[in-house]
Structures are given as structure tokens and as C-alpha cells.
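> I would like to see how this sequence folds:
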Amino acid sequence: MKVLLISIDLVLGARILVNVLKEKDVEAKNLQIVGVRYSDPFSEDALRDIYEFSRGYDVVGLSFNSFYSVLAARLGKYLKSRGVKWLIAGGTHVTAMPEEVMSYADMAVIYEAELTLPRVLKNLDSPGSLRDIGGIVFKDGNGQIIRTGNPQIELDLDNIPFQSISNEDITYYNVRNNTFEEPTVDTFFPHGHRNYYVLTSRGCPFKCTYCSSSFFAKLAEGSQKVRKRSVDNIISEMKTAKQAGFEAFYIADDNFLSFTLKEIENFLELYGSQINLPFSAGGLNPNNMRAKDSSKKIEILLKCGLSDVRIGVQSGSDRTLKIFNRSYTAEEVPELLKIFENRKTIWKEPNDKLRIAVDFICDSPWEDERDKLDTLGLANNLLSTYGVFFNTLIYLPATDIYNLALKEGWIKDKEKDIYLRGIGGLEDNIYNRLLYLIAVLKERGGKMPDKMISHILDLHKKDPDLAETLVDFIMRTINDVEDHHGFNASHLTLHPYLKGFKTWEKTVGQKGKKVLFRSYHESYG
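The predicted structure is shown next:
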């Protein structure tokens, strides 16, 4: 049997499944769609190219997240119209909305597929046996949609093979120039720089209302707990990646600080002697820092080579944090994050300081002026230096925030209000502009006087255009001074990602609505 796994945006899952299937003597390859943007329709040339590539495969898999669901539906319908016999959909969106994808797919695989998909492939020619496989949705001979029981998941993650990073297994299709490409060590993962993405655990101990993890935890026995790989297993994958030419690692799951102190100490011993490369830890929660040994863990990880951390603060409003179920107050955050302040790495200048990035979620529909002011206040007074990731609140299907959005009437059109809601930037308002300015200053070790924020907001009430012009002027002044002096911003947390400050109008979602544009993306409008 030959299986082609097409992935849009999602990276790790399909690459792991390639090796899972190869261990079962299934010929499997991954076609990664690159260069795609949320609002872009697939051209006829792109659809035809992808279909031609898929010819000769017995089964085509299609995985994607909610932001690409519109594109995936167009691709899926095209493939079926051209005669693809078996189209199996999977991924986070499919897990949340399986019935939606059944309008074009023959089957949906729910949640993790490492155990489910091989069983499905073995029984495709015996439709009656499919009912005995948990975690799938399919159509019977009469076209009726059948949903089986809960999926079975692998509890011992060491039993799952590493992801494939072989050009023999993976091909890129670039929709911008309609070309097939071989990935390289520089392009295998987002943002390049020979940075290898690795999952050290699955699951999450927290129950944030906007995150799909809280929904996934209800799907399978054992998914409620954090499942951790052994340190030996993690180091083994990293050794493979290092031998392939990768020069840094990004721990892409949220739970590296949930490893015990003993496990972290073991990691120090093995990583220092066998890997000795910079690595980043993403998805940290301020609650991780409540543990008594959290500071000790950070000290050990810095000795290993920790260079960057990314922490989800999300808001400075206690009301919003409560709705998000973050289990901390805004007042607690500076103290919880204090253990990251002024930390030194083992690397030479300009990478000798631990780089800190902080996530904020903006544009929550219930927030009023007070909530936004609280977030500005926290951002302005949190740590001496850090970078910012900005996110528009997205109502990911099946999450608690999605259910609240439905109840409160924030979702009137799924495509516009969910799938295309946050593309490209934040709502263009004075609060988000000020948050941008705070981020630019914080990334450079500065801050705004709190009174200046208040004065700009007071000015905005009297003359909105003048207030926005003032913020733009300060931003441009910073950029012009740095350009004049040839300032190299490459060592900053997010590099010069805030350079440039533009507004543009959406041509999708709420058409004509102005949003702030993050300059490290191309305009989707």
C-alpha cells in the first residue's frame, strides 16, 4: 500500500506518521504545502499539481489546523472530484469538527493517529471491521456518518518513532511559484536557521479555555495526564538531528518544566556531553514557576545551553485571566517571572543573555477600557527586557471559549469569525498601537513612563488621529535612529520583527476593517 500524507502548515505530525507507517511496511511520503497564506485560494494550477503528485497512491491523508480549513476543503473536494479513492482527514481541526470535513473526506481520524491509522489502513477493504476501531468517523455503504468510540493513544511516547527528516520521505510544494522543492536543513522547520523542532511531551496540566488541549484531554484514556518521553529518548533524537546538520533546538511542547528535577539534571549531563547546542523552550505558563524547584530547573537548563524562553502571560486583566482560566492574577505575574530576569547563558555575546518572549492575547470581545489599560500597565512594567508575540483571540472549535462565543453571539459566520478572524494582525486601535510601542521599547531594554500612556490615551479621546500619529512618530524615530547608527537587531528576542508599523484593510473576514500588520508576515489582505 502507498500512502501520501499532505500537510498544510502542520509539520511534526505527518513526519512522525511517515515513520510510523514505514515501520508497518507501508510506503509513505509527506507532501508539505508551503508558501500558503490563510486567505489565499489554491489556484487551479496548484490544485492540478497536487493532484498529479498524488496519483499512484492508494490513500491520501490531509492534515491542517482550523485557519486552513477553508483551503483544505477546496483541496479535498478537488482531489475527490478527480477520483482519489480514499481521502482521510486528520489534525486539530478535524478532531474538533469531524462532521464538517465529511462533506469531502471519506474518513476523519480523531486526535493522535499513531495507533489508529495503521489499523484503519489494514481494514480499508473490510468496511465492517472499521466499526471496531476507536477514534474514527466514516461513511457507511448508505452514506450514513458513523462515529466509533474513543481513540486509543500511545501512553509510552518512547514507542513512537522520531519524525522523518529525509528528502526521500518529504517533498515541499510551494504554492507561490507552483514548484516542487526538496527541503533542506535550513528549511525543514519554520523560521529556518537550522533550528530543529522537537516534542518532549504530550498533553497539558492546565485547562485554558482558549486552547484545544483542554478539549483533547477529554478524548482518550490517559490523555488527561502529561505523557513525557524519557530523557534518553529525547537525546537520541537530538543526536540524529545534530548529525543531520541542525544547529539549535526548539522544544515545541508546553511542558518541559514539568520534567522532574532529577530528569532535568539527567538532561544536563547528557545534553552537555552529546549535544551542546543552543535550545529554546516554548509554551511556558507562569504557573510553572510556582514550584519550589523551578528556579533550580532554570539554572540547570541554562547550564545545558538554554538560550530562549517563550511565556504565555496573555493578559494583564484579572477578569480576562479568569475567563481564560489561567489560575493566576496579573499582580502575581512579575514575581512569578522574576526568575528569568537578567539570566546569563553559556553562549558568547550577543547571545550571552537569556532571551525572553511573552505572549499577549488581544481583541477579546468582552474587554473594556479598564481591561486593556491593565494589560498595557502589566506589559510596560513586566521585566526589564523581553520581546512580545501578539495574538488575536481565536475561537478554536470545541474549546470552552468557542462555546462561550457561540452562546454570546460573537460567532455569526464560522469562516469569517473563526477561520479568518485573526489573520495577519491585530485590530487597529490605540490600545494595540500602544502595546506595539511598549514591545518595541521593551525589546530594546526601555519603557514608557506610565503617565505618558495615560496622556496619549487622554489625547486619543480628544483627537484620535493626532494620538495615532504620535505613536507612529515615536516608532519611526526609533527605527530611523537605529538605521542611522547601523544598529544590528539580530540578537533581539524576535529580531527586528516590529520594524515598520503599518495598517491595512482586510479583504477577507470583516472586509474593510483596519487591522495592525505584523511586519514579519506578508500582508494577507
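
> what bits of the protein have low per-residue confidence?
38-39, 191-192, 422-425, 489-512, 517-525 (pLDDT under 70).

> how's it carved up into domains?
Following automatic domain parsing, the chain resolves into domains at 2-159, 185-411.

> Make CSV from these and add distance to residue 170 and mean neighbour count to it.
Placement of C-beta: from N, CA and C, glycine included. Formatted as CSV, the domains of the chain follow (distance: least, C-beta to C-beta, whole Å; neighbours: other C-beta atoms under 10 Å):
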stretch, distance to residue 170, mean neighbour count
domain 2-159, 5, 19
domain 185-411, 8, 18
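
> would JSON lines of those domains with distance to residue 451 be doable?
Formatted as JSON lines, the domains of the chain follow (distance: least, C-beta to C-beta, whole Å):
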{"stretch": "domain 2-159", "distance to residue 451": "39"}
{"stretch": "domain 185-411", "distance to residue 451": "11"}
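
> Identify the residues contacting residue 136.
Going by C-beta atoms under 8 Å, 6 or more residues apart in numbering, residue 136 touches 107, 108, 109, 110, 116, 120, 130, 147, 148, 151.

> so which strand or helix has residue 74?
helix 69-81 (DSSP states H and E).

> ok so, going back, who wins for proximity to residue 514 among the domains of the chain?
domain 185-411 (12.7 Å; C-beta to C-beta).

> Could you tell me the end-to-end distance of that closest one?
41 Å (C-alpha to C-alpha, to the nearest Å).

> Distance check, residue 280 against residue 196.
11 Å (C-beta to C-beta, to the nearest Å).

> Mind listing the shared neighbours of the two?
In contact with both residue 280 and residue 196: 248, 249, 250, using C-beta under 8 Å, 6+ apart.

> if we can go back for a sec, can I get the contacts of residue 136 in JSON lines with secondary structure and distance to residue 323?
Compiled in JSON lines, these are given as follows (DSSP: H, G, I helix; E, B strand; the rest coil; distance: C-beta to C-beta, whole Å):
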{"residue": "107", "secondary structure": "strand", "distance to residue 323": "36"}
{"residue": "108", "secondary structure": "strand", "distance to residue 323": "30"}
{"residue": "109", "secondary structure": "strand", "distance to residue 323": "32"}
{"residue": "110", "secondary structure": "coil", "distance to residue 323": "27"}
{"residue": "116", "secondary structure": "helix", "distance to residue 323": "34"}
{"residue": "120", "secondary structure": "helix", "distance to residue 323": "38"}
{"residue": "130", "secondary structure": "helix", "distance to residue 323": "40"}
{"residue": "147", "secondary structure": "strand", "distance to residue 323": "31"}
{"residue": "148", "secondary structure": "coil", "distance to residue 323": "34"}
{"residue": "151", "secondary structure": "coil", "distance to residue 323": "30"}
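
> Isn't residue 250 up against residue 199?
No. Under the criterion of C-beta atoms under 8 Å, residue 250 makes no contact with residue 199, lying 10.3 Å away.

> list the contacts for residue 153?
Counting by C-beta under 8 Å, 6+ apart, residue 153 makes contact with 111, 112, 114, 115, 220, 221, 222, 223.

> From residue 398, how far off is it?
For residue 153, the distance to residue 398 - C-beta to C-beta - is 17 Å.

> what do you get for residue 355?
Counting by C-beta to C-beta - residue 355 and residue 398 are separated by 34 Å.

> tell me what the helix holding residue 74 is packed against?
Helices and strands touching helix 69-81, by 3 or more C-beta pairs under 8 Å, 6 or more residues apart in numbering; DSSP states H and E, are strand 2-8, helix 44-54, strand 59-63, strand 86-90, helix 98-101.

> what's next to the longest one, contact-wise?
Going back to what we said before, that points to helix 44-54. With C-beta under 8 Å, 6+ apart, helix 44-54 has contacts from 4, 6, 31, 33, 42, 60, 74-75, 78-79, 82, 84, 171, 173, 175, 178, 180.

> cool, and the last one?
Contacts made with helix 98-101 from outside it, assessed by C-beta under 8 Å, 6+ apart, are listed as 69, 72, 73, 76, 89, 93, 94, 108, 110, 137, 145, 147.

> Swap in 10 Å and give it another go.
With C-beta atoms under 10 Å, 6 or more residues apart in numbering as the test, helix 98-101 has contacts from 62, 64, 69, 72-73, 76, 87-91, 93-94, 105, 107-110, 135-138, 145, 147, 397, 414.

> helices and strands around the longest helix seen in the chain, which ones?
Longest helix of the chain, by residue count under DSSP state H: helix 464-484. If you count contacts as 3 or more C-beta pairs under 10 Å, 6 or more residues apart in numbering; DSSP states H and E, helix 464-484 packs onto helix 430-443, helix 450-462, strand 502-505.

> Which one of these lies nearest to residue 317?
helix 430-443 (11.4 Å).

> Run the angle between the closest one and helix 450-462 for me.
With axes from the mean of the first three to the mean of the last three C-alpha atoms, to 10 degrees defining the directions, helix 430-443 sits at 150 degrees from helix 450-462.

> The contacts of residue 153 into JSON lines, with extra columns for distance to residue 333 and secondary structure?
Shown next, in JSON lines, are the contacts of residue 153 (distance: C-beta to C-beta, whole Å; DSSP: H, G, I helix; E, B strand; the rest coil):
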{"residue": "111", "distance to residue 333": "32", "secondary structure": "coil"}
{"residue": "112", "distance to residue 333": "33", "secondary structure": "coil"}
{"residue": "114", "distance to residue 333": "37", "secondary structure": "coil"}
{"residue": "115", "distance to residue 333": "39", "secondary structure": "coil"}
{"residue": "220", "distance to residue 333": "33", "secondary structure": "coil"}
{"residue": "221", "distance to residue 333": "35", "secondary structure": "coil"}
{"residue": "222", "distance to residue 333": "32", "secondary structure": "coil"}
{"residue": "223", "distance to residue 333": "29", "secondary structure": "coil"}
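
> Show me which of these is closest to residue 419.
residue 111 (20.5 Å).

> what's the closest one in contact with, if anything?
90-92, 94-96, 134-135, 150-153, 215-216, 219-220, 223.

> Just these: which are in strands?
Of the contacts of residue 111, the ones assigned to strands by DSSP state E are residue 90.

> quick one, which of the helices and strands packed on helix 69-81 is nearest to residue 429?
strand 2-8 (31.1 Å).

> Next, the buried residues of the longest helix of the chain.
Neighbour counts using 16 or more other C-beta atoms under 10 Å place 467, 468, 470, 471, 472, 474, 475, 478, 479 of helix 464-484 among the buried residues.

> Let me know the angle separating that helix from helix 430-443.
Using the same axes, to 10 degrees: helix 464-484 against helix 430-443 is 20 degrees.

> With distance to residue 232 and secondary structure added, can I get the shared contacts of residue 280 and residue 196 in CSV?
Output for the shared contacts of residue 280 and residue 196, formatted as CSV (distance: C-beta to C-beta, whole Å; three-state DSSP):
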residue, distance to residue 232, secondary structure
248, 21, strand
249, 16, strand
250, 20, strand
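
> which one of these is nearest residue 327?
Checking the shared contacts of residue 280 and residue 196 one by one against residue 327 (C-beta to C-beta), the nearest turns out to be residue 250, at 25.8 Å.

> Which strand residues bridge that closest one?
Beta-bridge pairing of residue 250 under DSSP bridges involves residue 197, residue 280.

> I'd like the distance between it and residue 198.
7 Å.

> tell me, what's touching those two both at once?
189, 279.

> helix or strand for the closest residue to residue 441 other than its chain neighbours, which one?
Excluding its sequence neighbours, the residue lying closest to residue 441 (C-beta to C-beta, 6 or more residues apart in numbering) is residue 447, at 5.6 Å. Residue 447 is part of no helix or strand, with elements assigned from DSSP H and E.
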